[in-house]
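Peer 1: Coordinates only, no sequence provided:
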């Protein structure tokens, strides 16, 4: 069986889980405590990071972007990038926006302060870092609102990797109760549409020991 | 004519310049002062970042990864990713290593402290940040040494995007005189091979006003 090594609240791992579901590829999930840096796992991925996908034939694909592009090339039947060069460039631009800008400004700091510090015994969250992330999240929700206002889905006419990447980050933040949906009606409508897709179901069942999901995390009507 | 908007010492822009050269695609370079956040440029790339490539037919491709994948798809004659799925996954894993880990730990902090702070009038470099980056650079040079010891090029048998991504970061650091080549013989041999390729020539002519290149930056025998 195909195996995905992951951590529950990593947006990059969630992105891969959603792609695998969308492409109807079966897989086992294995949680990896990356901070233990076990030698056996370092042979799979020298950086020690997740996600890492091990294919049925034993091929190891490490790094979230490498896995995304691999899955598109290996299972091209239902593309998540779009058909034209211009559409694919636009989808990848948006994936870059969410995986770099949104992660750097919002999801990275919030997950580090509220989740990773607890796991690593590094004390409580730094309120200055939290405040900055809570301030910056609005521009990303505004941008999703602008995109959703002009397009069927974030990357264009079809549901794409742009929606998956954005939803992966916002679902981790939503687990922590950190998304001010009520101030961003259009972004909320978009997320409600993504959240109600069958591929999203297993993510909504996620439970991280010691960190309970926000009360509305599971609700499709949030 | 094709136009690449860039900044001189951005490793991500250098990566695209090297790909364009390797694929023998003509282009004009236009320096963009990204911090000015000019509205006209924001219409090309809402994040305001470089690199941005404008194709001959007017197609705009923003974000370094989107540009890399676009150039591979639009000009597949000389692939920089490799032919097999496994080889492409390995090359992309390494690109991820250099563009994320190396950038986060070394090239990002050093370029910010020594170049961007000066441009933005934010004062001198923070010596604590510099020390940390100078410490961490060794593990990346060691890793290049390990790869170069077992393979013809970093990503496998052929010169690939893995070499280009790594060389883009190290060439920016080399401009600043920040690479301890003498302590990393194998990495130095690899860089000497990349540096002597014709595609590298224009990078070695780069000159950033106010920040002169290190004395050995241009030398093929460094």
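Peer 2: Here it is on my side, so go on. Quick caveat: nothing in here was measured; it's all calculated off a predicted structure. Numbering: from 1, shown residues only, chains lettered A, B, ... in the order given.
Peer 1: so where's chain A uncertain?
Peer 2: Of all residues in chain A, none has pLDDT under 70.
Peer 1: mind listing what the spatially most central residue of it touches?
Peer 2: With distances taken as CA atoms, centre = their mean, the residue of chain A nearest its centroid is residue A:168 (2.4 Å). Contact analysis of residue A:168 by CB atoms under 8 Å, 6 or more residues apart in numbering or on different chains lists A:11, A:12, A:14, A:15, A:18, A:98. (Each C-beta comes from the backbone N, C-alpha and C, glycine too.)
Peer 1: Likewise for residue A:13?
Peer 2: Residues in contact with residue A:13, defined by CB under 8 Å, 6+ apart, are A:4, A:6, A:7, A:50, A:51, A:64.
Peer 1: Hmm, residue A:179 is touching residue A:172, no?
Peer 2: No: in this structure residue A:179 lies outside contact range of residue A:172 using CB atoms under 8 Å: 9.8 Å.
Peer 1: picking that back up, my reading is that the residue nearest to the centre of chain A lies in a strand. Confirm?
Peer 2: No: the assignment for residue A:168, made by DSSP: H, G, I helix; E, B strand; the rest coil, is helix rather than a strand.
Peer 1: How much space separates residue A:99 from chain B?
Peer 2: Distance, residue A:99 to chain B, using CB to the nearest CB, to the nearest Å: 9 Å.
Peer 1: Over to residue A:184?
Peer 2: The gap separating residue A:184 from chain B is 17 Å, by CB to the nearest CB.
Peer 1: if I look at the residue nearest to the centre of chain A, how far off is residue A:11?
Peer 2: 4 Å (CB to CB, to the nearest Å).
Peer 1: just residue A:27 next, same as before
Peer 2: Counting by CB to CB, the gap from residue A:27 to residue A:11 is 18 Å.
Peer 1: Pick out whichever of these two has more residues nearby.
Peer 2: residue A:11 (23 against 18; other CB atoms under 10 Å in any protein chain shown).
Peer 1: hang on, that one packs against residue A:172?
Peer 2: Yes: the criterion here is CB under 8 Å, and residue A:11 meets it with residue A:172 at 5.0 Å.
Peer 1: Common neighbours of the two, please.
Peer 2: A:107, A:111.
Peer 1: Do you have the helices of chain A handy? List them.
Peer 2: Secondary structure of chain A by DSSP state H: the helices cover A:11-22, A:39-44, A:64-74, A:85-96, A:108-111, A:117-120, A:127-150, A:161-175, A:185-195, A:201-204.
Peer 1: Single out the most deeply packed of these.
Peer 2: Most buried of these, by mean neighbour count (mean count of other CB atoms under 10 Å in any protein chain shown): helix A:161-175, with a mean of 27.
Peer 1: got the contact list for residue A:122?
Peer 2: The contact partners of residue A:122, by CB under 8 Å, 6+ apart, come to residue A:116.
Peer 1: measure it to chain B for me?
Peer 2: Using CB to the nearest CB, residue A:122 is found at 17 Å from chain B.
Peer 1: same thing with residue A:131?
Peer 2: Computed with CB to the nearest CB, the distance linking residue A:131 and chain B is 21 Å.
Peer 1: again with residue A:7
Peer 2: From residue A:7 to chain B the distance is 16 Å (CB to the nearest CB).
Peer 1: Also residue A:155?
Peer 2: Going from residue A:155 to chain B by CB to the nearest CB gives 11 Å.
Peer 1: Now that residue: phi and psi?
Peer 2: Phi and psi for residue A:155, reported as degrees, to the nearest 10, are phi -90, psi 0.
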